[in-house]
Structures are given as C-alpha cells and as structure tokens.
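> Output the structure for:
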Amino acid sequence: MEKRALILFAHGARDPRWAEPFQRLQTLIRTASPAVRVELAFLELMSPRLPEIAQMLALDGIEQVTIVPVFLGQGGHVRRDLPEIIDGLRAEHPHMQFQVAKAVGEEDSVLAAMASYCLQTLT
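Modelled structure (predicted):
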C-alpha cells in the first residue's frame, strides 16, 4: 500500500461549482501518477476540511503527506491559518510527516503557464 499522499489545499466557497477546477486538477494528477494518493481539502465553507482528510489518511496508514496550497500567493490563509492547522495535525498525528509546498501561484512554471494563457486571449 502507498504510504504517502498529496493533498491539494484550497480555500473553499459557498458555491459548489467553485471547486470544479480543483477537482479537475485532482483528476489530472491522479491520472498522471496513479500510484500517488491525491486528495482535495478546503480551509472553510466546503468539505472536507484538512483535518478530516488527515484523519482519513492516518486511518489508512499514510505516513508522509505533502500539502500543496492551491492559492495564487502567500496571503494570510497560507501564512497564518495553514501553519496553525499543520501544527495541530502534527500534534494529533505524530506518526505522520507533513510537508507544505509553496503556494502554487508562486511557482515560476505556473506563472509562465498563466502568462501564456493570458497572451493567448489576445488572438
């Protein structure tokens, strides 16, 4: 059994359609790497929340978790809220390792893809 997982961590919204691009991203990652467990968690307004996913992963024997904030930048939620949640997860699940990647929008390749898309809209 795979002992590691990737969690896509998004903000959440009242409108369930807001989650559709994140669900598509989850599907793309699962398709590209079927051996990796890929889950989607939300900060607020939607379920499941990050602690719920971590609990589920712990029950499934997952030992290593990488959390990717699917945010454009390192605002308050990524700088303050997420570290507090991670501290709680580490205390609740000491047998698990939690690694947090930088916000997706701060990655050069993501910004390049976004710039390319923006330029394509000019045609």
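> Phi and psi next, for Leu122.
phi -80, psi -20 (degrees, to the nearest 10).
> same deal with Phe9?
phi -110, psi 110.
> do the one 4 residues further on as well
Listed backbone geometry of Ala13 is phi -160, psi 160, with angles given as degrees, to the nearest 10.
> How far does the helix or strand bottoming out on mean pLDDT in the chain sit from its chain's centre?
Taking mean pLDDT, DSSP states H and E as the measure, the helix or strand of the chain with the lowest value is helix 76, at a mean of 74. Distance, stretch centre to chain centre, for helix 76: 16 Å (Cα atoms, centre = their mean, to the nearest Å).
> Following it in sequence, what is the next regular element?
Sequence-wise, the next helix or strand downstream of helix 76 (DSSP states H and E) is helix 82-92.
> tell me which residues in that next one are buried?
Burial within helix 82-92, assessed by neighbour count using 16 or more other Cβ atoms under 10 Å, is assigned to Leu82, Ile85, Ile86, Leu89. From N, CA and C alone the C-beta is placed, and that goes for glycine too.
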